[in-house]
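Q: Have a look at this prediction, sequence included:
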Amino acid sequence: MKRTRQVRAVMTADVAAVEPGMRLEAAVAVLERRGVGGAPVAGEDGRVLGFVTRGDLSRRQSRCFGRLVRRKPGAVAEVMSTPPVTVRADDDVVCAVRRMNASRVHRLPVLGGDRALAGIVTRGDLGRLFLRPDDEIRDEVRDEVLDRELCLDPASLDIAVRDGVVSLTGTVERRSVVPVIPVMLALVGRVDGVVAVKEHLRVGVDARIVLSDEPAAGRAPG
């Protein structure tokens, strides 16, 4: 089965970073020169301290040149977002997508094994990877995960995929399948192109036996 790729495979290693003590005008110049909308803020040791966007910088500049005109222009540390939302280079890309969605951000600084800045990954980077037809995702879930990996009858479940979200619906009748459900959901979530997995599985009469409290051996049921 095709495994999900790591963030390092899609990230940009040549990342534009700014320093916390950098003046706002200098930080704006860095973003404009690189043609990006935001940048990680890294310390001297390469550790990511925060993140700053053009919006953060422009709002502060407006205040500096408005009623606070006598105040010295601030530094990046005063306007950056912290703590930073990051991802590791060896995380899978699904983790990066979920983290972006949960935090409502469009870029994630990528950390290396030493926790220092190693790159940056954007929604555009991940979008190119996840531009996979829903039908293709469904075929892999059915043929590779259910049939080949787990030896389950694909016809026993209804598999629907919409915009990368996989929905599994059906009734589990065999008691032997119940312990396999968490494994099945994990494997489906690792298929390239899958951004989320939703299960709507019912447990049939036979399968419910393994979920109920059975009487101890030698005792008659009450």
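A: Everything's here; your move.

Q: What's the separation between residue 17 and residue 106?
A: 17 Å (CB to CB, to the nearest Å). Backbone N, C-alpha and C define where each C-beta goes, glycine included.

Q: and those two? which has more neighbours close in?
A: Using other CB atoms under 10 Å, the more surrounded residue of residue 17 and residue 106 is residue 17, with 19 against 12.

Q: With the flanking residues excluded, which residue is spatially nearest to the more buried one?
A: residue 42 (4.6 Å; CB to CB, 6 or more residues apart in numbering).

Q: My read is that that neighbour contacts residue 118, right?
A: No. Residue 42 is beyond contact range of residue 118, at 10.8 Å (criterion: CB atoms under 8 Å).

Q: name the element residue 200 belongs to?
A: strand 196-203 (DSSP states H and E).

Q: what lines up beside that strand in the sheet?
A: strand 165-172 (parallel) (DSSP bridges).

Q: Need the residues that contact the very next helix or strand once past the strand it pairs with.
A: Per DSSP H and E, the first helix or strand lying C-terminal to strand 165-172 is helix 181-189. The contact list for helix 181-189 (CB atoms under 8 Å, 6 or more residues apart in numbering) reads 1, 94, 141, 145-146, 149-150, 152, 166, 168, 172, 194, 196-197, 199, 201.

Q: just the angle between helix 181-189 and strand 196-203, please?
A: Taking axes from the mean of the first three to the mean of the last three CA atoms, to 10 degrees, one finds helix 181-189 and strand 196-203 inclined to each other by 150 degrees.

Q: Report the buried residues of helix 181-189.
A: For helix 181-189, the neighbour count (16 or more other CB atoms under 10 Å) marks 184, 185, 187, 188, 189 as buried.

Q: Residue 173 versus the second one, what's the distance?
A: Same thing as residue 185. From residue 185 to residue 173 the distance is 18 Å (CB to CB).

Q: Going along the chain, name the strands of the protein.
A: Applying DSSP state E to the chain gives strands spanning 38-42, 48-53, 87-88, 107-111, 117-122, 157-162, 165-172, 196-203.

Q: hang on, isn't residue 92 packed against residue 8?
A: No. At 10.4 Å, residue 92 and residue 8 do not qualify as touching, with contact defined as CB under 8 Å.

Q: any idea which of the strands of the chain scores lowest on pLDDT?
A: Among the strands of the chain, strand 196-203 carries the lowest mean pLDDT, at a mean of 87.

Q: where does the protein dip in pLDDT?
A: 1-4, 60-73, 129-130, 205-222 (pLDDT under 70).

Q: residue ranges for the helices of it, please.
A: 24-34, 54-64, 93-103, 123-130, 134-140, 181-189 (DSSP state H).

Q: got TSV for these, with distance to residue 46 too?
A: TSV is the format used below for the helices of the chain (distance: least, CB to CB, whole Å):
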stretch	distance to residue 46
helix 24-34	17
helix 54-64	21
helix 93-103	20
helix 123-130	21
helix 134-140	37
helix 181-189	32
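
Q: between those helices, which gets nearest to residue 80?
A: Ranking the helices of the chain by proximity to residue 80 (CB to CB) places helix 54-64 first, at 6.8 Å.
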